[in-house]
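In: Only the shape, not the letters, is given here:
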Ligand code: G3I
C-alpha cells in the first residue's frame, strides 16, 4: 500500500478544515516566523525560565513561533556585572547557546543603560572611574560573545521625552561623547554584531528628533551604527500609526535599519496618560484600575486583535526598512505589564494567553499573511 497516496487526501482535508475553522494552535501548520519569513524576523524576550527550558509548552511555542530572541533581564549590567571585578555569565551563556542551537537571531540587551546598574557604579564620582567601568564592561561582555551575538542594543534610553539627553550618570560624568565611546567600544569588541540605539517613545516627534541627532552625530564622526530600536510599549487606546510610520521613514532615510524591539500593547486603563517605559513611574493599586482581573471581555480582545492587525499592516508596508519585530515577552502571564506602572494587575498585551494558547490577536497577525 502506498502510504502517501492513501493518506494525502485525508491530510489535505484535515489541513483545510483546520485553516477554515480558525484552527487551534496545536493543529495550525502556520507560525509567526514562517508566515513573516520573507518580511522580517519575529522575536520574543526570554526570562530565565525560558532560557532554562523549564516549561515544555513554552519551550515548544518559542521554538515554533520565533526566530529571534532578546534577554529580558539577564544581560543588564546589575545582573551580569554585579561587582567591580566579578561577572555572572552563567545564564547569559545558556541564553546564547539556546539561540545558537535553535538557529535564532540572538540580541544582546543592553550594554549602556542608566537603569539596573550595579550598586558599585552608584558610588562612582569621577569620569575616569566611570570610563573604566564602561570600557571594561563592554570589552568583557560584548567580547565574550563576539561572533555569536547577532546584534547589540549598545545604548538604551539615553533621551528625555523632549529629545534632550537624559541626565544619567553617563551624561553627567562623561558628557554626550559617552554615546560615541560606547558604540566604538562595542564595534571593536564585536566587529560582526549589528549595533543599535534603543529607546521608547522615539516614534513621537520631539524624542524622534533627539534620536535622529544621536544617529547623525555617530555617523558624522565615523562610528558604526546599524539600526535603531523603537521599543513599542504602546496602548490599544492611543496607538499612533502616523507617528510610527513617519519614524520608520525618517530613521531609514539615515541609511539604517528599523527594529521594533519590545512590542506590547497594554489593554488596561492609563488615567495619567502615561506612555512609554520609564521604570521609575509607579502608582497605587486600585480595583478600578484592574478591570479585567478574571478575564478579558471579547470586545477588548477584538480591539487588541484589530490594533495588532493595524500595526502589522504598517510593518508589512515598510518591510524593506524593518529588520525585526520583537514582542516583549512570550505570553500574558510573563509580561512586565502585570506589574507596571501599578503592581499586581492582570494585563493582556501579547499574542499568547496565560495558558500559552494563541489569542485572537495572534490569528489577526497571521491572517494578514495567509488571507492573501
Ligand atoms: O530578580 C528579582 C527577584 O530576585 C526579586 O525578588 C524581585 C523583587 O521585586 O525582583 C526581581 O527583579 C525584577 C526583575 O525585573 C526580574 O523580574 C526587578 O525588580 C524588576 O525591576 C525588573 O523589571 C524589569 C525592568 O526592565 C527593569 O529592568 C522588567 O522585567 C523588564 O521587562 C523591563 O524591561 C525594560 C527593557 O529592559 C528596556 N525598555 C523598557 C522595558 C520595560 O521596562
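Out: Okay, I see it. Keep in mind that what you see is a predicted model, and the values were worked out from it rather than measured.

In: Report how many residues lie close to whatever residue of the stretch 51-200 of the chain ends up closest to the ligand.
Out: Proximity of the stretch 51-200 of the chain to the ligand (Cβ to the nearest ligand atom) peaks at residue 116, 4.3 Å away. Every C-beta, even on glycine, is put in place using the N, C-alpha and C of the backbone. Counted by other Cβ atoms under 10 Å, the residues lying close to residue 116 total 13.

In: Also residue 41?
Out: Residues within reach of residue 41, counting by other Cβ under 10 Å, total 21.

In: Repeat that for the one 3 residues further on.
Out: One way to gauge burial is a neighbour count; for residue 44, by other Cβ under 10 Å, it gives 27.

In: And it, its phi and psi?
Out: Main-chain dihedrals, residue 44, degrees, to the nearest 10: phi -140, psi 160.

In: Near the residue nearest to it when sequence neighbours are not counted, how many other residues are there?
Out: Closest residue to residue 44 in three dimensions, ignoring its sequence neighbours and counting by Cβ to Cβ, 6 or more residues apart in numbering: residue 66, at 4.6 Å. Burial of residue 66 is recorded as 23 neighbouring residues (other Cβ under 10 Å).

In: can you check the one 5 residues further on too?
Out: As a burial measure, residue 71 scores 26 neighbours (other Cβ under 10 Å).

In: For it, list each beta-bridge partner.
Out: The partner list for residue 71 in beta bridges (DSSP bridges) reads residue 46.

In: I'd say it and residue 109 touch.
Out: Yes. The pair formed by residue 71 and residue 109 meets the contact definition of Cβ atoms under 8 Å, at 5.7 Å.

In: Strands of the protein, residue ranges please.
Out: 41-46, 68-71, 105-113, 151-156, 194-199, 227-230, 233-235, 257-266, 322-327 (DSSP state E).

In: tilt between the third one and strand 41-46?
Out: Angle, strand 105-113 to strand 41-46, by axes from the mean of the first three to the mean of the last three Cα atoms, to 10 degrees: 60 degrees.

In: and if you look at the last one?
Out: Taking the same axes, to 10 degrees, one finds strand 322-327 and strand 41-46 inclined to each other by 30 degrees.

In: Packing partners of strand 322-327?
Out: On a contact count with 3 or more Cβ pairs under 8 Å, 6 or more residues apart in numbering; DSSP states H and E, strand 322-327 meets strand 41-46, strand 68-71, strand 105-113, strand 257-266, helix 298-317.

In: cool, and the longest one?
Out: Judged by 3+ Cβ pairs under 8 Å, 6+ apart, the packing partners of strand 257-266 are strand 194-199, strand 227-230, strand 233-235, helix 241-252, helix 298-317, strand 322-327.

In: Export the ones you listed as CSV, with columns for distance to the ligand.
Out: Formatted as CSV, the helices and strands packed on strand 257-266 follow (distance: least, Cβ to the nearest ligand atom, whole Å):
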stretch, distance to the ligand
strand 194-199, 7
strand 227-230, 9
strand 233-235, 6
helix 241-252, 17
helix 298-317, 18
strand 322-327, 11
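
In: got TSV for these, with mean pLDDT and mean neighbour count too?
Out: Shown next, in TSV, are the helices and strands packed on strand 257-266 (pLDDT from 0 to 100; neighbours: other Cβ atoms under 10 Å):
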stretch	mean pLDDT	mean neighbour count
strand 194-199	98	26
strand 227-230	99	26
strand 233-235	97	22
helix 241-252	98	17
helix 298-317	98	17
strand 322-327	99	24
